[in-house]
Structures are given as C-alpha cells and as structure tokens.
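> what follows is a predicted structure for the sequence shown.
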2 protein chains.
Amino acid sequence: MTKHFERELDVLKRDILTMGIMVEESLTQALRALATRDAELAEQVIRADEWIDARENKIDEECLKLLALYQPAASDLRFITAVMKINGDLERMADETVNIAERAAFLAGQPKLAVDLPFDEMQERVRKMVKECLDALVNRDAALARSVCAADDAVDDLNRRNYSTLLDVMRKDPAGIERGVMLLSVSRFLERIADLATNVSEDVVYFVEGEIIRHHGLHDPTTPPPSWQATRLER
Amino acid sequence: MTKHFERELDVLKRDILTMGIMVEESLTQALRALATRDAELAEQVIRADEWIDARENKIDEECLKLLALYQPAASDLRFITAVMKINGDLERMADETVNIAERAAFLAGQPKLAVDLPFDEMQERVRKMVKECLDALVNRDAALARSVCAADDAVDDLNRRNYSTLLDVMRKDPAGIERGVMLLSVSRFLERIADLATNVSEDVVYFVEGEIIRHHGLHDPTTPPPSWQATRLER
C-alpha cells in the first residue's frame, strides 16, 4: 500500500465521520424545532440538506477514484465498498431528518396537541447509534457494531408506544387527527433512522469479519420461494 | 476484457434483473392480499422476503468478487458499483412491500373501511418504474432512466390525494382511525418504492453519463451550511 493511498484512505475516513456529524447535527436541530415550535429553524434544517447531499456526492467520487486508481484488494476493497453503502445510508438518514423538519414546520403553525411523547429519549438513542456505527467503521470494531444492532429494539419499542398513545389521543379528539398523524410520522422517521444505523452496523460487521449478519437463515437464492410456483423469474 | 469477465458480467446483469422481478412479483401479491383481504397471501409475501434477502447477498458477493478478481476500470467499474447500490435499493423496495403485506394481514381481520383509494393505479405506475429503471441499467439507456425520474411526480400526487381522502374519512368516523392510519402507511410505502426506483434511475444516469443528477445546485461540501456557524464539523 503506497503512502499516497494511505493518506487518501484517511481523508475518506474523516469525510464519512463528518457526514455522520452533519446528520447528527441536523437531527438535533429538527427535533429542537419540533419541541420549541420554531418554523424558521425547521426551514434551516431543510435548506441545510443540500450540504449533506453535496458531501454524499463528494464521498462517492472519492470512493470511485480510489477503486479506479489503486485497485485495492481484500480488506481495503471491502472498506471502500462499505463506505459507499454507508454513505448512501447516511444521506437517507438526512432525508428522514428533513421529513421530521417538514412536520415540525407545519406543527409550529398549529395549536399544540396535548400529548407527551418520549422524543428526547428516542433522539438520544438514535444519535448514539449513528455516532457509534461510524466509530465502529473507522476503528474496525465489530463488537461495537453489534451493540448498535442490539440497541435498535429499544427505539422500536418507543415507536410502538407512541403509536398506541397517539391513536388514543386521536380517538378522543378527532380535531387532532392531522396533528396526530404528523407526530406518528415523526416517530416513524426516528425509528427509520435507527434502522438505517442498524444497516450501517451490519455492513461494518461484514466489512470487519467478512460475514453477512443481515438476513439470517438464508435460502438458496437461485430458486423462487414455494409460494411462487408459477412465477417466471427470468426475463 | 477477458471472455470470463464478460460472462460473469452477464450473470450479474441477469441476477439484478431477476431481483427486480422478485420485487415486482412481491408487490403485486401484497396489493392483491390487501384488495382481496387475504391474510394468508400477505403472510406468504412476508415469508418470501427471505429469498429476496438471499438474492441481495448473492449479488453483493458477485460484485465484490468481480472487483477483486478483475479490478475493472472505467465503465465496468462504474457498472459494478452501480449494481451494488441498486441491489440495496431493490432490497429496500422488498422491505416496503413486506410493510404493505403486514398492513394487509392486519386489515384482513378488520371490518372494511368505506373508502376508495387508487392503489391499483399506484401499483401499476410503481411496477412500471421498477421494471424500467432496471431495463435502463442493463441497456445503458439514460433517456429511459430520466423518464422514470419524471414518472415519480404522478405517484407523489396520488399519495397526497390519499392523504387528504383518508384524513376526511378518519374525521368523519373516528372508529376507523386505526384502519385509516394503516392505509395511509400503505400509500406512503408505495410512494417510497417509487422514490427508490427514482434513486435507481439517478444512479443509472450517473453510470451511463458519469454525471450526478441527484442533488442539483450543490454547495461546496467542505464548508458547513451558514445556519451551523457554531458547529464543530471535525471530530
């Protein structure tokens, strides 16, 4: 491995970490906008997404350049392809954050719905997952990555709890249905960001251990599932 | 390019097309389960997802193998990295399809909500987008890919229409709130599959033309957005 290649790999690591910090920052602002009913802050989050998109493109280009120039093998090849995927996942997290900010902007102009939801706790858990999945990537730490996957259950539970709380609120006060639907969405977007952090962690484990932990109990992919007897699988 | 490499590229093309057909088939079945209130068919769709996951892993492995063994350059390199991304997007479409099937399984055991939603039209549009984005990939057809991106707007419109229809239904009949929320979700999952097909198409254009059409009006990615003056961007 040349010194030059090593240096470019370091730049790539720093860039993907920065991308993660941008996502965390954006999420924190979107939820602050929701909590403080600050439509202007919500709009700022929406506008700031262009920077995250630009960063995604830059990282993609870097990866392609490294593959084309140095034709890395084994572990470096797996690292670079992992970064390409993880980069896309981070950009999707940012998109979910924009979705949250859009709801926050709408809700800021509406009467407050009388409901107490654990968005602070969800945010703290999700933020930690995002940070740790990237730390696991750059430190090649499969154990940390696995712990991020395990942390996803608590976020799923909080989301389910919000679902039943909000259905009750909407049933009791049909005038609050639209705001209830918006808050349901916010909860689901947070849960999706946690899912994406879980995807990233799975990719990290695969990169570190060369093992696919997604999709246990795999079937022979060359045959269709039994329920598709009549399916023509080749075009 | 060796004969062997060419043959393996053909296998990869066939495999990604098959993955797309599996997603189309799964989506068709999930929406049939919803329309005919067939919980057993919905469960079949959920179980069949394991085959799609297995196919995703197989394609990922093929891509890594091709990169490692043949160290392709230029257009072949871009094709293979595009397939890696698109493969992930197809698997996400399958996950959204499972989400639809889960709602279908729940709704099959509930009284039917009196509402008429254009799910058939949405499905037909989405199915066409999924098919065409992959045709565009294997035929290196950027014009077709761009037409898929353009087709996304109609799906977004249908989703917005469903949103306001369902809010009205829920306001008039609060006993239907949970079913209304489920149908809102189905509509949004369909819209998300269309978004994913749009992502695929953008990656195809990039692969064919070497041009990033996602994220127009890019900013300098090395500076944070103006609203983040106090943000520490490097860890």
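Alright, I've got the coordinates.

> so what's A:Arg161 up against?
The neighbours of A:Arg161, taking CB atoms under 8 Å, 6 or more residues apart in numbering or on different chains as the test, are A:Pro118. In short, each C-beta sits where N, CA and C put it, glycine included.

> helix or strand right after the helix or strand containing it?
A:Arg161 is located in helix A:142-172, with elements delineated by DSSP states H and E. Next helix or strand after helix A:142-172 toward the C-terminus (DSSP H and E): helix A:177-209.

> quick one: average confidence on that next one?
The average pLDDT within helix A:177-209 is 95.

> tell me what it is packed against?
helix A:74-108, helix A:119-138, helix A:142-172, helix B:142-172, helix B:177-209 (3 or more CB pairs under 8 Å, 6 or more residues apart in numbering or on different chains; DSSP states H and E).

> A:Asp195 - nearest residue in space that isn't next to it in sequence?
A:Asp152 (6.8 Å; CB to CB, 6 or more residues apart in numbering or on different chains).

> tally of neighbours for that neighbour?
19 (other CB atoms under 10 Å in any protein chain shown).

> how much space separates it from chain B?
For A:Asp152, the distance to chain B equals 14 Å [CB to the nearest CB, to the nearest Å].

> just A:Ala42 next, same as before
A:Ala42 is 11 Å from chain B, by CB to the nearest CB.

> average pLDDT for the helix or strand hosting that residue?
Element membership of A:Ala42 [criterion: DSSP H and E] is helix A:39-70. Averaged over helix A:39-70, pLDDT sits at 94.

> mind listing what's buried in that helix?
Neighbour-count burial for helix A:39-70 flags A:41-46, A:48-60, A:62-64, A:66-67, A:70 (criterion: 16 or more other CB atoms under 10 Å in any protein chain shown).

> now that helix and helix B:177-209, what's the angle there?
Helix A:39-70 runs at 40 degrees relative to helix B:177-209, counting by axes from the mean of the first three to the mean of the last three CA atoms, to 10 degrees.

> show me what helix A:39-70 is packed against.
So helix A:39-70, by 3+ CB pairs under 8 Å, 6+ apart, packs with helix A:3-36, helix A:74-108, helix B:74-108.

> rerun at 10 Å
helix A:3-36, helix A:74-108, helix B:74-108, helix B:177-209 (3 or more CB pairs under 10 Å, 6 or more residues apart in numbering or on different chains; DSSP states H and E).

> let's have those in a markdown table, adding mean neighbour count and distance to A:Ser201.
Output for these, formatted as a markdown table (neighbours: other CB atoms under 10 Å in any protein chain shown; distance: least, CB to CB, whole Å):
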| stretch | mean neighbour count | distance to A:Ser201 |
| --- | --- | --- |
| helix A:3-36 | 19 | 12 |
| helix A:74-108 | 21 | 10 |
| helix B:74-108 | 21 | 15 |
| helix B:177-209 | 23 | 21 |
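
> select, out of the helices and strands packed on helix A:177-209, the one closest to B:Val130.
helix B:177-209 (5.2 Å; CB to CB).

> so the residue nearest to A:Phe207 when sequence neighbours are not counted versus A:Val181, what's the distance?
Spatial nearest neighbour of A:Phe207, chain neighbours left out: A:Ala82 (4.1 Å); criterion: CB to CB, 6+ apart. From A:Ala82 over to A:Val181 the distance is 37 Å, taken as CB to CB, to the nearest Å.

> thought the residue nearest to A:Asp195 was touching A:Lys128?
No. The pair A:Asp152 and A:Lys128 fails to qualify as a contact (CB atoms under 10 Å) at a distance of 11.5 Å.

> overlap in contacts of the two?
Common neighbours of A:Asp152 and A:Lys128, counting by CB atoms under 10 Å, 6 or more residues apart in numbering or on different chains, are A:Ala194, A:Ala197.

> and stretch A:95-103 with chain B, contact?
Yes. Using CB under 10 Å from any CB of the partner chain, stretch A:95-103 comes into contact with chain B via A:Asp95.

> what kind of secondary structure is A:Val115 in?
Here A:Val115 is coil, with the state taken from DSSP: H, G, I helix; E, B strand; the rest coil.

> and it, what does it touch?
Counting by CB under 10 Å, 6+ apart, the residues that A:Val115 touches are A:Asn162, A:Thr165, A:Leu166, A:Asp168, A:Val169, A:Met170, A:Asp173, A:Gly176, A:Arg179, A:Gly180, A:Leu183.

> of these, just say which sits nearest to chain B.
Nearest to chain B out of the contacts of A:Val115 is A:Met170 (CB to the nearest CB; 5.1 Å).

> surely the closest one touches B:Asp173?
No. Using CB under 10 Å as the test, A:Met170 is too far from B:Asp173 to be in contact (11.9 Å).

> and these two? Which one has more around it.
In this view A:Met170 and B:Asp173 are compared by other CB under 10 Å, and A:Met170 has more residues nearby, 27 against 15.

> so how far is B:Leu34 from the more buried one?
For A:Met170, the distance to B:Leu34 - CB to CB - is 22 Å.

> just to revisit the earlier point, okay, the helices and strands packed on helix A:177-209 in CSV with distance to B:Arg14 next?
Formatted as CSV, the helices and strands packed on helix A:177-209 follow (distance: least, CB to CB, whole Å):
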stretch, distance to B:Arg14
helix A:74-108, 21
helix A:119-138, 32
helix A:142-172, 32
helix B:142-172, 19
helix B:177-209, 17
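
> of all those helices, which one is nearest B:Gly88?
Nearest to B:Gly88, of all the helices and strands packed on helix A:177-209, is helix A:74-108, at 6.2 Å by CB to CB.

> list the helices and strands that closest one packs on?
helix A:3-36, helix A:39-70, helix A:119-138, helix A:177-209, helix B:39-70, helix B:74-108, helix B:177-209.

> can you list those helices in a markdown table and add distance to A:Ala104?
Shown next, in a markdown table, are the helices and strands packed on helix A:74-108 (distance: least, CB to CB, whole Å):
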| stretch | distance to A:Ala104 |
| --- | --- |
| helix A:3-36 | 4 |
| helix A:39-70 | 4 |
| helix A:119-138 | 11 |
| helix A:177-209 | 8 |
| helix B:39-70 | 33 |
| helix B:74-108 | 24 |
| helix B:177-209 | 18 |
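
> how many neighbours does the nearest residue to A:Asp141 once chain neighbours are set aside have?
Excluding its sequence neighbours, the residue lying closest to A:Asp141 (CB to CB, 6+ apart) is A:Asp135, at 7.0 Å. Neighbourhood size, A:Asp135 [other CB under 10 Å]: 17.

> that older thread, list residues touching both of A:Met170 and B:Asp173?
Common neighbours of A:Met170 and B:Asp173 (CB under 10 Å, 6+ apart) are B:Gly180.

> and the end-to-end length of stretch A:172-183?
16 Å (CA to CA, to the nearest Å).

> thinking again about what came up before, angle of the helix holding A:Ala42 against helix B:74-108?
Using the same axes, to 10 degrees, helix A:39-70 lies at 140 degrees relative to helix B:74-108.

> ok and helix A:39-70 relative to helix A:3-36, angle-wise?
Using the same axes, to 10 degrees: helix A:39-70 against helix A:3-36 is 160 degrees.

> and helix A:39-70, how far out from the chain middle?
Taking CA atoms, centre = their mean, to the nearest Å, the mean C-alpha location of helix A:39-70 is offset from the chain mean by 14 Å.
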